[in-house]
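Asks: Predicted model and sequence follow; I will ask about them next.
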Amino acid sequence: MIEPVEHSAISEYRFLVENHLRVIYPEIDHTAFAQTLIDIMAPDGICQTPETHQNHWDQRDAVMITYGDSLLTEGQQPLETLLQFSKTFLKETINGIHILPFFPFSSDDGFSIIDYQQVNPKLGNWDHINAIAEEFHLMSDLVINHCSSQSEWFQQFKQGESPGKDYFFCGSPDDDLSEVVRPRTNDLLQRIDTPEGPRYAWCTFSFDQVDLNFANPQLLQEIVKIVKLYLDHGVKVFRLDAVAFIWKVAGTNCLSLPETHELVRLFRTLIQFVSPQAMIITETNIPNRENLAYFGNSNEAHAIYNFSLPPLLVNALLCGSCQHLKTWMMSMPPALHGTTYLNFIASHDGIGLRPAEGLMDDEEINEMVSRMEQFGGQISMRSLAGGERRPYEINISLFDAMRGTLEGEDEWQIQRFLCAHAIMFALEGIPAVYIHSFLGTRNDQSAVEQTGQNRSINRHRWDYDQLQEQLANETSTHAHIFQGMCHLLKVRRQQPAFHPNATQFTLHLGDSVFAFWRQSMYRQQSIFAINNVTNQEQIVPLSEINLIGTDSWVDLISGELYTDLRGDLVLNPYQVIWLTNLREQT
């Protein structure tokens with residue numbers, strides 16, 4: 001007699017979870033604990049074996065990154081306003097929304113979570129989250145490296161009460177912490193006087209963000225309950241925030257340790273057996289090679305942030321040379337089926353500089369940092385061993401980052417800004433667009449003054465009525481940018497050659513023109529993405545692109561036909577051409 005499918009799947013589920021637990025917790029009863037976790041995720045005992053190497057995405061996928069309160073309307077919950085804006089203006093442009101942490105918090109604009117199980121009442125409630133999840137693929141942060149010092153767990157820690165007293169990772173001033181890598185300059189250990197004596201809580205980011213102790217299996221069990229809650233409320237994509245830091249061992253750099261990777265594999269197994277279409281995305285703002293490791297053997301992250309893209313692309317447009325961008329792209333492995341890149345060039349944070357290490361030299365990075373400061377940006381620092389400080393992140397609105405070049409400001413800001421996004425939209429991977437990039441929002445210097453935080457510069461809150469007036473005014477910069485961005489994305493989503501896993505090949509047309517070829521999975525469509533990264537006119541002979549002479553070629557963006565393949569492409573400053581042999585795809 002053939003076993004029921006559910007029974008076969010649950011057996012495999014249990015087997016895999018047990019194997020993960022053996023690596024992470026060699027001393028515990030793996031069988032019993034695996035069953036405990038599975039009972040949380042699949043209380044009815046029903047699950048299904050996920051298909052391997054399956055792409056859960058195609059060229060129609062694009063994500064908007066936003067805070068729950070980036071848009072405000074008097075008398076309306078911000079999450080309601082967000083849904084109204086997205087349905088009205090973006091329904092034909094994006095299909096996913098990443099709402100940055102929407103839970104009660106004490107600092108860091110949401111990333112210091114007080115209560116993982118509640119929606120911040122200043123934003124709305126779970127009904128509002130459910131409504132957004134019904135209309136768009138919902139992406140939520142799983143902030144598991146740390147939680148707020150105001151959380152119930154940490155109050156228990158301070159009082160020596162269970163379960164919280166064992167939920168936080170502690171070090172000792174006597175530990176060798178010289179190799180610890182972290183993106184902040186404040187002290188790592190925070191002394192806490194407890195009934196059992198002083199304990200030194202580990203704080204990778206700030207004293208209000210206290211690191212959790214995943215060496216305790218009971219903490220993992222609580223986090224798995226949170227994962228299940230989010231799935232039940234429609235979350236389809238889990239962003240594992242700062243995941244590279246979650247396992248610590250004194251005497252090491254405490255970054256991307258083997259147990260960290262195994263925990264990512266465990267979360268993927270736990271999630272995909274009960275929700276096969278769900279995705280895990282790892283947020284690891286670290287050098288490129290370490291970031292790529294989070295694909296694992298196609299068994300860790302479904303997608304990884306393409307962290308090297310923002311600094312390299314900004315640098316290319318700043319200096320008018322795509323040399324580093326090309327070198328990096330040629331070194332990037334094509335993502336295997338079942339994995340992909342998440343491409344972005346702006347976010348709620350800033351332009352990270354660690355992912356540029358080894359790709360740009362210090363002098364070039366410092367030159368870029370200096371120019372971004374002249375364009376109104378702020379610079380966040382990190383500490384190195386020995387007390388040295390180094391730029392970690394440029395905090396600036398991406399629109400202001402595009403004010404000019406190394407030579408200074410010029411008249412090409414809008415064209416440069418749209419060129420940057422057109423490059424990102426055409427690359428292998430899924431594009432993610434920060435809401436303020438859609439809107440062309442400028443540096444919010446008053447927010448920096450109010451909060452004292454550099455990152456506030458790019459976290460403006462729009463009055464929704466005023467925003468609608470700007471978008472309705474076709475002469476406004478905001479409308480110009482919004483329409484340009486939407487046009488590019490609407491064109492993109494119709495092209496099979498822009499599938500996140502379609503072939504990508506770098507072209508060599510000099511340092512002034514960044515160009516690459518995309519070919520659809522079934523080889524029917526080719527698109528040559530040709531981008532002038534300078535403020536000067538560039539001429540590209542069509543003969544250098546190797547177009548098939550029997551095909552007709554058209555620019556998807558402008559609609560211009562190219563019939564004489566012996567002629568030239570004349571590219572205006574920052575002009576982008578998407579040259580294809582197959583138009584009007586769906």
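Replies: Received, thanks.
Asks: and residue 393, what element?
Replies: strand 389-395 (DSSP states H and E).
Asks: and the following helix or strand past that strand, C-alpha only, in CSV?
Replies: Sequence order places helix 398-401 as the next helix or strand after strand 389-395, per DSSP H and E. The C-alpha coordinates for helix 398-401 follow below in CSV (Å, rounded to 0.1, in the frame of the first residue of the first chain):
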residue,chain,number,x,y,z
LEU,A,398,19.7,58.6,-3.8
PHE,A,399,18.2,61.5,-5.8
ASP,A,400,20.6,63.9,-4.1
ALA,A,401,23.4,61.4,-4.6
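Asks: what packs against helix 398-401?
Replies: Contact partners of helix 398-401 among helices and strands, from 3 or more CB pairs under 8 Å, 6 or more residues apart in numbering; DSSP states H and E: helix 413-426, helix 435-439. For the C-beta atoms, the positions are set from N, CA and C on the backbone; glycine is no exception.
Asks: Quick one: distance of the last one to the chain centre.
Replies: Which is helix 435-439. How far helix 435-439 lies from its chain's middle: 15 Å, per CA atoms, centre = their mean, to the nearest Å.
Asks: That helix - contacts with which helices or strands?
Replies: strand 63-66, helix 398-401, helix 477-492.
Asks: Longest helix in this protein, please.
Replies: Looking across the chain with DSSP state H, the single longest helix is helix 5-24.
Asks: Run through who's touching that helix.
Replies: With contacts defined as CB atoms under 8 Å, 6 or more residues apart in numbering, helix 5-24 is touched by 28, 30-31, 33-35, 37-38, 42, 45-49, 214, 217, 258-259, 262-263, 265-266, 269-270, 273.
Asks: Give the burial count for residue 379, as a bare number.
Replies: Applying other CB atoms under 10 Å, we find 17 residues neighbouring residue 379.
Asks: out of everything not next to it in sequence, what's closest to it?
Replies: residue 391 (5.2 Å; CB to CB, 6 or more residues apart in numbering).
Asks: For the stretch 251-400 of the chain, give me the ranges with low pLDDT.
Replies: 385-387 (pLDDT under 70).
Asks: which residues in it form strands?
Replies: For the stretch 251-400 of the chain, the strands defined by DSSP state E, counting those that start in this stretch occupy 279-282, 303-305, 340-343, 351-352, 378-383, 389-395.
Asks: Columns distance to residue 481 on top of those, output as TSV?
Replies: Output for these, formatted as TSV (distance: least, CB to CB, whole Å):
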stretch	distance to residue 481
strand 279-282	26
strand 303-305	23
strand 340-343	18
strand 351-352	19
strand 378-383	22
strand 389-395	20
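Asks: that older thread, buried ones among the contacts of helix 5-24?
Replies: Using 16 or more other CB atoms under 10 Å as the burial test, those include 30, 33-34, 37-38, 42, 47-49, 214, 217, 259, 262-263, 265-266, 269-270, 273 as buried.
Asks: Now intersect the residues you listed with the helices, please.
Replies: Short answer: the buried ones among the contacts of helix 5-24 in helices (DSSP H) are 30, 33-34, 37-38, 217, 259, 262-263, 265-266, 269-270.
Asks: Show me the two of those that sit farthest apart.
Replies: 38 and 259 (20.6 Å; CB to CB).
Asks: Got the phi and psi for residue 451?
Replies: When quoted as degrees, to the nearest 10, the phi and psi of residue 451 stand at phi -100, psi -20.
Asks: Just the element for residue 153, please.
Replies: With DSSP H and E as criterion, residue 153 is part of helix 152-159.
Asks: Give the other helices and strands that that helix contacts.
Replies: Contact here means 3+ CB pairs under 8 Å, 6+ apart; on that basis helix 152-159 packs against strand 146-148, strand 189-194.
Asks: Ok, which of these comes nearest residue 116?
Replies: strand 146-148 (7.5 Å).
Asks: Pull out the buried residues from stretch 183-198.
Replies: For stretch 183-198, by 16+ other CB under 10 Å, it's 183, 184, 188, 189, 190, 192.
Asks: Which parts of stretch 90-108 count as buried, going by neighbours?
Replies: For stretch 90-108, by 16+ other CB under 10 Å, it's 90, 93-105, 107-108.
Asks: got it, and stretch 223-231?
Replies: Buried residues in stretch 223-231 (16+ other CB under 10 Å): 223, 224, 226, 227, 228, 230, 231.
Asks: and those, which two are the farthest apart?
Replies: 223 and 231 (13.0 Å).
Asks: ok, what's across the strand from the residue nearest in space to the middle of the chain?
Replies: Nearest to the mean C-alpha position of the chain, by CA atoms, centre = their mean, lies residue 305 at 4.7 Å. When assigned by DSSP bridges, residue 305 has beta-bridge partners residue 342.
Asks: Tell me which stretches of the stretch 401-550 of the chain form strands.
Replies: Here the stretch 401-550 of the chain has its strands, by DSSP E, counting those that start in this stretch, at 404-405, 408-409, 430-434, 462-463, 503-507, 513-519, 526-532, 538-541.
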